[in-house]
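Trainee: Sequence and predicted structure are below.
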Amino acid sequence: MDFGLSEEQEDIVSVVREFTKKEFDIDYTRECDQEHKIPLELYKKAAENGFIGVHFPEEYGGQGLGIFENTLIVEELCRADSTLGTAAFIPKFASELILRFGDEEQKSKYLPKVASGEWVSSGMFTEPNHGTDIATSDTTAKKDDGNWIINGTKTFITNGESAYFGTTLAQTKEGAKHRGQSMIVVDDLQKNGGISITDVGVKLGIRCTSTCEVAFSDVAVPEENLVGQENRGFYQAMEFFDESRIEIGSQALGIAECAFDKAVDYIKEREQFGAKIGSFQATQFKIAEMATKIEAARSLLYRSAWNFDQGRIDPELTSMAKWYAGRVAVEIADEAIQLHGGYGYIADYDVERIYRDAKITEIYEGTKEAQKMVISNQILGKL
């Protein structure tokens, strides 16, 4: 395997880097973080530059490229800034459910709107009483006169207060547990009178994104809003997670690089005891360890993305990539604070914010413990 980037891929990285230099402003970043602002205009600008849905086919507004190219974009956005980088790519979350499992009409309706930045997407899986266990669902969808009638509550829903549409996992066959769940897309989330959307409140990090509880009360959507096959929703979600975990791994890798870059810049300038602290051997050892962890995470993540583009779904590999990249993001951000000393603990130096943003990558799209369960189950099988 050769992970050397092609000329086209190098160009993608270069263009994203130029975009972030122009559009990412540190004062605005801090404002969004402290005031819980959602900079959707940044998402729209990213879309205008072709960064959103790069892996969508051209007929649906994309560029017909792969998960690897999407990985490069997300990594570079988050390397430039953990906060605005996340805000720039996350509004398209879960649109891949339509891409992978939707029919032609659904793809033509939703994907171009996402790729253009006009619509924000959402995926609704987690429930208050079940958390990581999406195999159990209290949310139901029952057929009635050509509609699905949806009742239930989803929580920790990314993009909840800004999404035009969301794909929800609901029980469509009573008593069948995960074998009776289906994916159903719900339009016009913000204006549907049967839907109540409540922000979860102040978060540790990624504060310029929306995270909500979404409650459905007799919400009627047309039967044709079923995504893929009826009662196959759980399996569709599992396949989607193999893709989305690569993306969140890319976010984590970029955040790790963001923290690392801040640390390197700081130790080259900061003096103690009459010398740059970067000249101290203890500091140099830390930098060596941080760089090695980042490179290991990148290798695992790139391999995972490349593998997916070859048409191979490998839950073990994608879970390894997501878990390790998340761990590295947290560890590198922690070391960046340590290298900054007391300055690292205050907001003006930003590494404390990067640390807060890093932690979510060990939690959403499956906790680090869930990733380890997937990995071990793939290795051991059923005992």
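Mentor: Arrived safely. Residues are numbered from 1 along each chain as shown.
Trainee: show me the residues around Val185 that make contact.
Mentor: Counting by Cβ atoms under 8 Å, 6 or more residues apart in numbering, Val185 touches Leu97, Ile98, Gly102, Gln106, Tyr110, Phe165, Gly166, Thr167, Thr168, Val221, Asn225, Val227. Where you see a C-beta, it was placed from the backbone N, CA and C, and this is true even at glycine.
Trainee: Out of the residues you listed, flag the one nearest to Leu189.
Mentor: Lowest distance from Leu189 to these (Cβ to Cβ) belongs to Gly166, with 5.6 Å.
Trainee: And for Glu104, the neighbour number?
Mentor: 9 (other Cβ atoms under 10 Å).
Trainee: Setting aside sequence neighbours, what's the nearest residue to Lys203?
Mentor: Thr211 (6.2 Å; Cβ to Cβ, 6 or more residues apart in numbering).
Trainee: Distance to Tyr349 for the contacts of Val185 - can I get that in JSON lines?
Mentor: Formatted as JSON lines, the contacts of Val185 follow (distance: Cβ to Cβ, whole Å):
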{"residue": "Leu97", "distance to Tyr349": "39"}
{"residue": "Ile98", "distance to Tyr349": "41"}
{"residue": "Gly102", "distance to Tyr349": "45"}
{"residue": "Gln106", "distance to Tyr349": "46"}
{"residue": "Tyr110", "distance to Tyr349": "41"}
{"residue": "Phe165", "distance to Tyr349": "39"}
{"residue": "Gly166", "distance to Tyr349": "37"}
{"residue": "Thr167", "distance to Tyr349": "40"}
{"residue": "Thr168", "distance to Tyr349": "41"}
{"residue": "Val221", "distance to Tyr349": "48"}
{"residue": "Asn225", "distance to Tyr349": "48"}
{"residue": "Val227", "distance to Tyr349": "45"}
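Trainee: which among these gets closest to Gln284?
Mentor: Ranked by distance to Gln284 (Cβ to Cβ), the contacts of Val185 are led by Leu97 at 46.1 Å.
Trainee: Can you give me the neighbour number for the residue nearest to that closest one when sequence neighbours are not counted?
Mentor: Distances taken as Cβ to Cβ, 6+ apart place Thr167 nearest to Leu97, at 4.7 Å, with adjacent residues excluded. Using other Cβ under 10 Å, Thr167 has 29 other residues around it.
Trainee: can I get the CA coordinates of the helix or strand hosting Thr167 in CSV?
Mentor: Taking DSSP states H and E as the criterion, Thr167 maps to strand 165-171. Provided in CSV are the C-alpha atoms of strand 165-171 (Å, rounded to 0.1, in the frame of the first residue of the first chain):
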residue,chain,number,x,y,z
PHE,A,165,-34.0,16.9,7.8
GLY,A,166,-32.9,14.0,10.0
THR,A,167,-32.9,10.2,9.6
THR,A,168,-34.2,8.4,12.7
LEU,A,169,-33.9,4.8,13.8
ALA,A,170,-37.3,3.5,15.0
GLN,A,171,-38.9,0.2,16.0
